[in-house]
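> Predicted model and sequence below, questions to follow.
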Amino acid sequence: MAAVCEEDPSLERHFKGHRDAVTSVDFSCAKKQLVSGSMDSSLMIWSMKPQMRAYRFVGHKDAVLCVHFSPSGHLVASGSRDKTVRLWIPNVKGESTVFKAHTGTVRSVHFSNDGQSLVTASDDKTVKVWTVHRQKFLFSLSQHINWVRCARFSPDGRLIVSSSDDKTVKLWDKTSRECIHSFCEHGGAWLAEGWACGNKSLGDTTLCCTGFIVYSMKSSVMRGLMNGLVGVHSSVVNSLSFHPSGNYLVTASSDSTLKILDLLEGRLLYTLHGHQGPATCVAFSRDGDFFASGGSDEQVMVWKTNFDADYGDVVKPQKYGSSVDGTHGTGQSEMDCGVHHQKTKTQDSGRTHEQQDEETSLADTLEHIMGQLDVLTQQFTVWIKELRDQLPLILQQALALSWESKLWEKLLEVERC
Amino acid sequence: MESRGKEPQPPNRMGMGDSNPAAVPHAAEDIQGDDRWMSQHNRFVLDCKDKEPDVLFVGDSMVQLLQQYEIWRELFSPLHALNFGIGGDTTGHVLWRLKNGELENIKPKVIVVWVGTNNHENTAEEVAGGIEAIVRLINTQQPQAKVIVLGLLPRGEKPNPLRQKNAKVNHLLKASLPKLPNVQLLDVDVGFVHSDGTISYHDMFDFLHLTGGGYAKVCKPLHELIMQLLEETPEEKRAALA
């Protein structure tokens, strides 16, 4: 009955199941599935369809640090601290092939857009390229002198970009296997704490984002814009993802927020709260309609982007006739008392038509607020029901935990002091 | 006086009985009123959750100040090193910190211990015992880690009893540390005391703490030893054979 504002990103789904911090997330191209990797050594495949079960893939012997769906969606690659890479078939059987890719922790795995190649990056300071079919080793790129945190194919597959704790970002030609460019992090503080690597070509400008600073490979104009985004988070940026349009960037930070940045105008658009503790990873779906985030709180959240197709165009929120459908997704999500998805929208005098349109009549605003209240009420109802259902299980688990050895140890220590 | 750092001790600041007071873990009291010691400890514990250090430095202000100089960035940051130094700490403080979270969730390959010059209430034997207790604790909690104990540096502009005490501690450690597994004593006194018995403020600006130049001299042998130990780790050996 009432209006739902469709402009702002909204929380769609909220997945729980990992037993330790979530390290990485990725959508399949069809967007039907979401994969997440965790410090608990497992991967989980979540379905966006409410009726479908989630799968847990066990096999890695240590923390899973990176996951990536193949472009076809038929395979999932994962890299782990156990130095291996696994290729999984994301179905109920969860079969996988494993290969020892590196002599150190595998930090990053990434399929090329044609699905034929896989690039991996590791603490052993190398970047390696493999065929997907039969996982044949093709070649190794060994110019980094410290852990390589991330390596990505360019969208056309001709370039590889890698970022490392040696404070450089290197651009490699896949055919010649040469390092064609090496960017040194310039001046200032050591950014070792957080490196993320995203790669997107905007015409002839390739953007690569690491830590706080965004590099522009070719255009110095872009570089100026990007420098304005430094310091946007109050803590380390752990992960980022480019919207397919190339106009937006979503970042996940240890300050527990996700931020959506406008790359065309070089400023902050949204700050999303929801994770309790550091947000460790974030990824847009291939079409940009959704993005998923994972955190140290073991949760995976899926958000609806709600951007209109053309940035800058007038967006008239649907005031009439938009019904429960808008909230259908949230109604089905597993809401948790801890999650309050607050969105703060930054006010900017330079803002465009959208702001003007927002200042509509008082009646419209009231309708809008009523709509939000409806959404909230629905969410609360779901939450209360879930809590009631889970209460016996929670009590049971608490009782079981009280017998865990860790707790005994604590008790002993307290006694000692 | 025997030190029995291995067995759990009740907090015993009076040093009663025959326990070594320098080997008794105890937190620092917040005398000044801003609780900075605990704040620093808590930050270190949080670091243990997030970071993956290959090298860990723990100790007093000698360790703490090292991170403020460029040399830390040049030599040690690339090794994924963490600095858990707190100014004024004694062996007892370091023991308490290591037992209360600063060794959890991490698996460093090398741990550097530099503490003892602030143990003013203890004899040289007790201080050595306290350092041994720290090493034994690390051996239990981090059996894979190789420990480097740095010898205490001389202090004060002119010869004084503390110089002799620190030298005695080093002497005792030289005898006792070889008996413990996985630990080495590294003497980093590269000649701070000149022929006339004085220490220059160019090396120690307050005749205790090192200047940048002083640290450069100390860190050279330290860095070399750390690199050596890092290259010796079993994983690398296995990879070399594979």
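Perfect, I can see it now. Residues are numbered from 1 along each chain as shown, chains lettered A, B, ... in the order given.
> For chain B, just list every one of the strands.
Secondary structure of chain B (DSSP state E): strands located at B:55-59, B:81-85, B:110-114, B:146-150, B:183-186.
> out of those strands, nearest to chain A?
strand B:81-85 (10.0 Å; C-beta to the nearest C-beta). (C-beta placed from N, C-alpha, C; glycine too.)
> is that closest one up against chain A anywhere?
No - figure legend: strand B:81-85 not in contact with chain A (C-beta under 8 Å from any C-beta of the partner chain); closest approach 10.0 Å.
> which neighbours does that strand have in its sheet, and in what orientation?
Sheet pairing here is set by DSSP bridges, and for strand B:81-85 it gives strand B:55-59 (parallel).
> Distance from the chain centre to the strand it pairs with, please.
7 Å (C-alpha atoms, centre = their mean, to the nearest Å).
> show me the contacts for the closest residue in space to A:Gly17 that isn't next to it in sequence.
Spatial nearest neighbour of A:Gly17, excluding adjacent residues (C-beta to C-beta, 6 or more residues apart in numbering or on different chains): A:Met44 at 5.4 Å. Contacts for A:Met44 (C-beta atoms under 8 Å, 6 or more residues apart in numbering or on different chains) come out as A:Phe15, A:Gly17, A:His18, A:Val35, A:Ser36, A:Ser38, A:Ala54, A:Tyr55, A:Arg56, A:Phe57, A:Val300.
> again, only using 7 Å
Residues counted as contacts of A:Met44 (C-beta atoms under 7 Å, 6 or more residues apart in numbering or on different chains) are A:Gly17, A:His18, A:Ser36, A:Ala54, A:Tyr55, A:Arg56.
> would CSV of those residues with pLDDT be doable?
Below are these laid out as CSV (pLDDT from 0 to 100):
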residue, pLDDT
A:Gly17, 94
A:His18, 96
A:Ser36, 97
A:Ala54, 91
A:Tyr55, 93
A:Arg56, 95
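> Tell me what the residue nearest to A:Gly17 is bridged to.
A:Ser36, A:Arg56.
> Would you confirm that A:Arg286 contacts A:Phe27?
Yes - the pair A:Arg286 / A:Phe27 is scored as a contact, 6.4 Å apart, by C-beta atoms under 7 Å.
> higher neighbour count, those two?
A:Phe27 (25 against 17; other C-beta atoms under 10 Å in any protein chain shown).
> Can you tell me the closest non-neighbouring residue to that one?
Nearest to A:Phe27 is A:Ser285, by C-beta to C-beta, 6+ apart, at 4.0 Å.
> what separates A:Gln299 from B:Val190, distance-wise?
According to C-beta to C-beta, to the nearest Å, A:Gln299 and B:Val190 sit 52 Å apart.
> got it, and A:Gly157?
A:Gly157 is 54 Å from B:Val190, by C-beta to C-beta.
> Mind checking which of the two has more residues around it?
Neighbour count, other C-beta under 10 Å: between A:Gly157 and B:Val190, A:Gly157 has more, with 17 against 13.
> tell me the phi and psi of that one?
With angles defined as degrees, to the nearest 10, A:Gly157 sits at phi 80, psi 0.
> wait, which of the contacts of A:Met44 is closest to A:Ala252?
A:Ser36 (12.9 Å; C-beta to C-beta).
> quick one: buried residues of the longest helix along chain B?
Looking across chain B with DSSP state H, the single longest helix is helix B:212-231. Buried residues in helix B:212-231, counting neighbours by 16 or more other C-beta atoms under 10 Å in any protein chain shown, are found at B:Gly214, B:Tyr215, B:Ala216, B:Lys217, B:Val218, B:Cys219, B:Leu222, B:Leu225, B:Ile226, B:Leu229.
> again, but for stretch A:262-282
Applying 16+ other C-beta under 10 Å to stretch A:262-282 flags A:262-263, A:265, A:267-275, A:278-282 as buried.
> That concludes my questions; thank you for your assistance.
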